[in-house]
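Engineer: sequence first, then the predicted structure:
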Amino acid sequence: MAQPAGLLYSKEHEWVKLDGDVATVGITDYAQSSLGDIVYVELPRIGAALTQFGGIGVVESVKAVSDIFTPVGGEVTETNGAIEGDPALVNRDPYGAGWLYKVKLDDVGQTTELMSPEQYEKLIVEA
Amino acid sequence: MTDASGVLRRTALYDAHLALGARIVPFGGFEMPVQYSSILKEHDAVRKRAGLFDLSHMGQFLLDGPDVGSWAESLTINKVANMKPGQARYNVFTNDRGGAHDDVIFYRLAEDRWLLVVNAGNADKMWAHVSAERSGDVRLTDLRGERALIAIQGPRSVEWLQPFVDAELAPMKYYSCTETTVRGTRETVVVARTGYTGEDGFEVFVPSDDATALWDGLLAAHRGAGLEPCGLGARDVLRLEAGMPLYGHEMDEEVTPLQAGLAWAIKFDKPAFRGKEALAAQRDAGDYARIVGLVMEGRVPARAGYPVLAGGARAGEIRSGSLGPSVGKNIATALVAPAAAADGTALTVEVRGTEHAAVVTPMPFYRRPKG
């Protein structure tokens, strides 16, 4: 299964969509499928300063709690309020309506630490 | 929990699980399906129609002989000898301190023949225990590997299982069992009206060689009408909603059956049994930590190990926690101090450094509609 083009990926199964110096972050289809039915998502507060690859929240399925390791560092500018009332959005549309939060990057250069769709595909095939 | 080589065991249905696309996880020394499609979908099937479970990882021991009843009673909290053939009964093997070696079900198949079903993770320990403690005219046979166990659970269980077995299922009482044959063959199976989901249902003890035919047959006949293969994930949610304890969570070698809310199963009128003095002393003192049900007020799930607070001070800890789909809220069990245990008590659960409101709530959280 090909990974969506135009996104960057982390080895912790988050995706990043860049728009200038603002990044939208979500979890990948592989991640939501592995987790199963998502029942709760804890996101950072707007204005919070995130350090790249730091643990900044959790995604909880019926059975398990998984940390979100932010694939980019910077200031949180927006969170997806829709998933508070309907966490299963992350299962249904992980690359669209199930996005998690937006970050104003403190350094655009940090995205070189992330993977291309092809590199990420290789990672999950070998997992 | 694994064999001597450290390799996880597989049940007779392992290939069937793979063919159904199950996600496999290690559990109790076995590679077991945790889910096939979705825990919520599987849970829903059991509550509304029926689900099919592979429980072949559970330990099955055959106990033969005229002394089984009195011998087993001396090691457990409940009565055994007065069970009638065709009856099943919940019980707990205890240690000298009143803690639980394992919680089990005895099935009295005939006057001198009983089936004992133990938890997978405790099966090695329990086989060693009953072997070491064996006395009188009691013979023990380890059926692990020879017998599979398939459960069908949910309101349509009678209707969907009946075409596969010769015994008439509808008249069977809850917690009864019978030896019968698989329809159209000579295979002897034990069918029991028992389960771990809070629904009507049956458990079928079948020779391992015949398990796949029964499993595939049931799915082929009824999957179109909504019979779902269900994994251990759904099973854990279903049992928690039904207020049923899970060994290692609501009780263990330290947490006694009295603390776990199983006073109804402790027969202090028996002359003697392992741990009786310790349990009686705990009962008389009355100041023991106990298992309570909690309903979380908000959306944050409580998980095993999270601290429970009363008025900001530590009062206990969560032992099991999950979304309760039939309750519509997050539910949990907690082991708490007696002062924090009364129904309706407002407590908090500490989740990642923040307190979240919870209310002590009588279990079960879910009770099936009478029908």
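Structural biologist: Yep, it's here.
Engineer: what is the burial count for the closest residue to residue B:198 other than its chain neighbours?
Structural biologist: Distance criterion C-beta to C-beta, 6 or more residues apart in numbering or on different chains; nearest residue to residue B:198, sequence neighbours excluded, is residue B:242 at 2.8 Å. Using the backbone N, CA and C atoms, a C-beta is placed for each residue, glycine as well. For residue B:242, the count of nearby residues is 19 (other C-beta atoms under 10 Å in any protein chain shown).
Engineer: then the one 4 residues further on?
Structural biologist: As a burial measure, the neighbour count of residue B:246 was computed by other C-beta under 10 Å and equals 19.
Engineer: related to what we said a few turns ago, quick check: the residue nearest to residue B:198 touching residue B:201?
Structural biologist: No. Residue B:242 lies out of contact with residue B:201 (C-beta atoms under 8 Å); the separation is 11.4 Å.
Engineer: and residue B:21, how far from residue B:36?
Structural biologist: 6 Å (C-beta to C-beta, to the nearest Å).
Engineer: do the same with residue B:230
Structural biologist: 7 Å.
Engineer: show me the contacts for residue B:282.
Structural biologist: B:98, B:256, B:258-259, B:288 (C-beta atoms under 8 Å, 6 or more residues apart in numbering or on different chains).
Engineer: if I've got this straight, it is in a strand?
Structural biologist: No. Residue B:282 is assigned helix when assessed by DSSP: H, G, I helix; E, B strand; the rest coil, not a strand.
Engineer: can you tell me the element the closest residue to chain A within the stretch 251-371 of chain B falls in?
Structural biologist: Closest to chain A within the stretch 251-371 of chain B is residue B:323: 4.6 Å, counting by C-beta to the nearest C-beta. Per DSSP states H and E: residue B:323 is located in strand B:313-324.
Engineer: ok, the helix or strand following that strand: who's next to it in the sheet?
Structural biologist: Next helix or strand after strand B:313-324 toward the C-terminus (DSSP H and E): strand B:329-336. Sheet pairing of strand B:329-336 (DSSP bridges) gives strand B:290-296 (antiparallel), strand B:313-324 (antiparallel).
Engineer: same list, those, but as a markdown table with mean pLDDT and mean neighbour count please.
Structural biologist: A markdown table is the format used below for the strands paired with strand B:329-336 (pLDDT from 0 to 100; neighbours: other C-beta atoms under 10 Å in any protein chain shown):
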| stretch | mean pLDDT | mean neighbour count |
| --- | --- | --- |
| strand B:290-296 | 98 | 23 |
| strand B:313-324 | 98 | 22 |
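Engineer: of all those strands, which lies closest to residue B:147?
Structural biologist: Closest to residue B:147 of these is strand B:313-324 (C-beta to C-beta; 28.3 Å).
Engineer: and the closest one, how far from the chain's centre?
Structural biologist: Relative to its chain's centre, strand B:313-324 lies at 20 Å (C-alpha atoms, centre = their mean, to the nearest Å).
Engineer: go on, stretch B:200-218?
Structural biologist: Relative to its chain's centre, stretch B:200-218 lies at 18 Å (C-alpha atoms, centre = their mean).
Engineer: what's the answer for stretch B:290-302, then?
Structural biologist: That offset, for stretch B:290-302, works out to 21 Å (C-alpha atoms, centre = their mean).
Engineer: how long is that stretch end to end?
Structural biologist: 17 Å (C-alpha to C-alpha, to the nearest Å).
Engineer: coming back round to it: mark which of the contacts of residue B:282 are part of helices, please.
Structural biologist: Among the contacts of residue B:282, no member falls in helices (criterion: DSSP state H).
Engineer: tell me the phi and psi of residue 27?
Structural biologist: Picking chain A for this. Backbone torsions for residue A:27, taken as degrees, to the nearest 10, come to phi -100, psi 150.
Engineer: how about the helices in chain A?
Structural biologist: Under DSSP H, chain A gives helices at A:29-35, A:82-85, A:89-92, A:117-126.
Engineer: how many neighbours does residue B:108 have?
Structural biologist: By other C-beta under 10 Å, 24 other residues sit near residue B:108.
Engineer: and it, bridged to which residues?
Structural biologist: Counting by DSSP bridges, residue B:108 is bridged to residue B:87, residue B:114.
Engineer: check contacts around the residue nearest the centre of chain B.
Structural biologist: Taking C-alpha atoms, centre = their mean, the centroid of chain B lies closest to residue B:196, which sits 5.1 Å from it. Contacts for residue B:196 (C-beta under 8 Å, 6+ apart) come out as B:151, B:153, B:235, B:238-239, B:242, B:244.
Engineer: quick one: it from chain A, how far?
Structural biologist: 16 Å (C-beta to the nearest C-beta, to the nearest Å).
Engineer: kindly report the same for residue B:59.
Structural biologist: With C-beta to the nearest C-beta as the criterion, residue B:59 and chain A are 24 Å apart.
Engineer: run a quick neighbour tally on the closest residue to that residue other than its chain neighbours.
Structural biologist: Using C-beta to C-beta, 6+ apart and skipping residues adjacent in sequence, the residue nearest residue B:59 is residue B:123, 3.1 Å away. Residue B:123: 23 surrounding residues under other C-beta under 10 Å.
Engineer: residue B:21 and residue B:36: who's more crowded?
Structural biologist: residue B:36 (21 against 11).
Engineer: that one contacts residue B:22, doesn't it?
Structural biologist: Yes. The pair residue B:36 / residue B:22 is scored as a contact, 5.0 Å apart, by C-beta under 8 Å.
Engineer: related to what we said a few turns ago, who are the neighbours in contact with the residue nearest to residue B:59?
Structural biologist: So residue B:123 contacts B:28-29, B:58-59, B:144 (C-beta under 8 Å, 6+ apart).
Engineer: next: residue A:26.
Structural biologist: Counting by C-beta under 8 Å, 6+ apart, residue A:26 touches A:14-15, A:90, A:94-95, A:98-100.
Engineer: show me the contacts for the nearest residue to it once chain neighbours are set aside.
Structural biologist: Nearest residue to residue A:26 in three dimensions, chain neighbours excluded: residue A:99, at 4.4 Å (C-beta to C-beta, 6+ apart). Contacts for residue A:99 (C-beta under 8 Å, 6+ apart) come out as A:24-26, A:80.
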